[in-house]
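Engineer: model this:
(chains A and B)
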Amino acid sequence: MVESVPQEPLVRLRNVSKHFGEGETRVDALKDVSLEVFPRQVVALLGPSGSGKTTLLNTIGCVLAPSSGWMQLDGDVVYDGRWLRSDLRRLRLDKIGFIFQFHNLLPFLDATDNVAVVLSLAGANTRVAHRRAVELLDYLEVGHRKTAFPAKLSGGEAQRVAIARALANRPRIILADEPTAALDSKRAGIVMDLLRKLAVEQQAAIIAVTHDEKIFDRFDRIFHLRDGRLDQEAEG
Amino acid sequence: MNLAYRDVRHSLGRFLLTCAGLGLLLGVVLAMIGIYRGLVIEALTIARAPAVDLWVVESGTRGPFAEASRIPGDTREAIARLGGVAQAGSITYQTVETEHMSGKLRLYVIGYEPGRLGGPPRLVAGRGLAASHFELVADLSAGLALGDRLQLGRETFTVIGLTEQQVNSGGDPAVYISLLDAQKLQFDLAPPAARQQLARGTARTNLDTVNAVVARLLPNATPESVAEAVNRWKHLSAITQEGQEGILTKSLVDRARRQIGLFTSLLLVVSAVIIALIIYTMTMEKLKQIATLKLIGAPDRTIIGMIVQQALALGLIGFTIGATLILNVKDYFPRRVVLEPDNIFVLAAVVFLVCLFSSGLGVRAALRVDPAIALGG
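Structural biologist: A predicted model of the protein is given here:
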């Protein structure tokens, strides 16, 4: 577990609310959510289906605009009643890494290119992007599968490649949506240990939505979402 | 990193099959354009073959192709003496069905006076008519060879020369025989009919009749002025070469031309819809991947580039396959398929625009994809 907490949080949310629809069809997905996540922390978001976990993840990932509230990512205030950054894709590219439940690798790119594509989008030349991609794959112990396409990778290998892609631009914030749901308990443990290691080594904050009780002990903090409210926090 | 290329390379077989399918469709469009052009060119071939400036036909008719025309055989001499006329020649035209190699053979028989206007424009084998009777120059498409003998009417003709690309508006191959033989073939009655006509006291049919007299003018003469002079003879009408071509394209093959033109347009619209559907479907299949790309920060231009490049590659490869196919098989069609470079370039431009427009539909769908889809939201 993390021994000392740094001063400046990487993710800071104050009274963030999000609703869909109006009037009788209005659904309050998030209600006054306040949250702070610091570097090197691995945080879990728990809650039943429809509690707002994915909405919160999308909001922190700047994919969904909150209806109200205030949000700061890596020291930049990005939302204060409205988006303060016009280029949210660039923000995501530079500051946020995403890990998906079913890896979401691009099927037409091999493992190396799936990682390198993020670097290419950020402007790196092909040679540099490939070198960094191979380094990451080696680091995550899937370097031997660097030329394999996603369809030929096992679930664990694909998830490692997806993690490598999430880390390619050295983001400070990593958002994971059920990162171990498609893995057996042994591989789930390995992936979580890997994420913890990355959080420490890269001074990153990791926020993961999960239902997987087997890995609860791998988190520093656990937040519970119920009906859009972040109403309980437990230390991991 | 070129995502369009990587995507195509990853599913190359499927992409090429799609291109091949599109290529076949575009090949059919090209074939129809070629058939359309061929129809017009074939309709004009016979009229252009004598390379004349003026057609003199029976008064009140638009002969000899659009309507029947009969004028006296000595009209040629009168026309030849008109001021501004350099050369004149008498011509007859008729369609004959005969047998060859135990099969039916439809021929467009052209009678002309050897040494005068109206003969085959060029020979690819053998020689032109030298004797007054029973010699024949045939178009290659008739399937006749030098030395072949052919029954026309009551006479047997020998093929002594071959010409090419001389067919009438119906696609029947032309054969050239002497005017005397042609007049006998066209106007001479069968013996029983002649005997009956004689018994009825009817005058014997005058064989010295032709369908038209063609004239080539001196450089200083205008077709209109000579035509005006001819039209003063009440029993004759003169049509300029331009007018004759207008009659052929606007009257004789007009319906067929419009029919094929309309069908070609319809086929082009169908092709455009199919191209649009293919590209739209290709995009819709990739929505989750596009959402992932957007989520990880890909700018719109990357996504637009991927769709547009694939659409253009599809069009380019499909068109190349179609054009190659049709250029290689067009000579096996029973009628002429004429494809000029401008036809190919115009269709290529149309395909390019259709692909660009179709990719616009895909791009619109892609740009509306919510990146939240990638996170399962």
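Engineer: contact partners of the helix or strand containing residue A:186?
Structural biologist: Using DSSP states H and E, residue A:186 maps to helix A:185-201. Residues from elsewhere that reach helix A:185-201 (CB atoms under 8 Å, 6 or more residues apart in numbering or on different chains): A:2, A:39-42, A:140, A:155-156, A:159-160, A:163, A:167, A:174, A:176, A:179-180, A:183, A:204-206, A:208, A:212, A:214-215, A:218. Glycine gets a C-beta too; all of them are placed from N, C-alpha and C.
Engineer: same question for stretch A:8-27.
Structural biologist: A:28-39, A:52, A:55, A:59-60, A:64, A:66-75, A:79, A:172-173, A:204-205, A:207, A:228.
Engineer: what's the angle from the helix or strand that the helix holding residue A:186 is followed by to helix A:185-201?
Structural biologist: Later in the chain than helix A:185-201, the nearest helix or strand by DSSP H and E is strand A:205-209. Strand A:205-209 runs at 150 degrees relative to helix A:185-201, counting by axes from the mean of the first three to the mean of the last three CA atoms, to 10 degrees.
Engineer: mind listing what strand A:205-209 pairs with, with the direction of each?
Structural biologist: strand A:42-46 (parallel), strand A:173-177 (parallel) (DSSP bridges).
Engineer: OK, contacts around the residue positioned nearest the centre of chain A?
Structural biologist: Most central in chain A under CA atoms, centre = their mean is residue A:175, positioned 0.9 Å from the mean C-alpha point. Each residue near residue A:175 by CB under 8 Å, 6+ apart is listed here: A:57, A:60, A:61, A:96, A:97, A:98, A:99, A:206, A:207, A:208.
Engineer: so which of those sit within helices?
Structural biologist: Among the contacts of residue A:175, the members found in helices (DSSP state H) are A:57, A:60.
Engineer: just give the nearest non-adjacent residue to residue A:51, would you?
Structural biologist: Distances taken as CB to CB, 6 or more residues apart in numbering or on different chains place residue A:225 nearest to residue A:51, at 4.3 Å, with adjacent residues excluded.
Engineer: does the one you found touch residue A:50 like I think?
Structural biologist: No: counting by CB atoms under 8 Å, residue A:225 stays clear of residue A:50, with 9.8 Å between them.
Engineer: who has more neighbours out of the two?
Structural biologist: Between residue A:225 and residue A:50, counted using other CB atoms under 10 Å in any protein chain shown, the more crowded position is residue A:225 (25 against 13).
Engineer: what about the nearest residue to residue B:220 once chain neighbours are set aside, how many neighbours?
Structural biologist: Closest residue to residue B:220 apart from its sequence neighbours, by CB to CB, 6+ apart: residue B:84 at 7.3 Å. Counted with other CB under 10 Å, the neighbours of residue B:84 add up to 17.
Engineer: residue B:84 contacts residue B:224, doesn't it?
Structural biologist: No: if you go by CB under 8 Å, residue B:84 and residue B:224 don't touch, sitting 10.6 Å apart.
Engineer: helix or strand right after the lowest-mean-pLDDT helix or strand in chain B?
Structural biologist: Scoring the helices and strands of chain B by mean pLDDT, DSSP states H and E places helix B:191-199 at the bottom, with a mean of 72. As assigned by DSSP H and E, the chain's next helix or strand after helix B:191-199 is strand B:209-210.
Engineer: in its sheet, which strands sit next to the helix or strand where residue A:28 lies, and in what direction?
Structural biologist: Residue A:28 is part of strand A:27-37 when elements are defined by DSSP H and E. Sheet partners assigned to strand A:27-37 using DSSP bridges are listed as strand A:11-20 (antiparallel).
Engineer: report the rounded mean pLDDT for the strand it pairs with.
Structural biologist: Strand A:11-20 shows a mean pLDDT of 92.
Engineer: now it, how far from the centre of its chain.
Structural biologist: Mean-position distance between strand A:11-20 and its chain equals 17 Å (CA atoms, centre = their mean, to the nearest Å).
Engineer: for it, buried residues please.
Structural biologist: Residues of strand A:11-20 classed as buried by neighbour count (16 or more other CB atoms under 10 Å in any protein chain shown): A:11, A:12, A:13, A:16, A:17, A:18, A:19.
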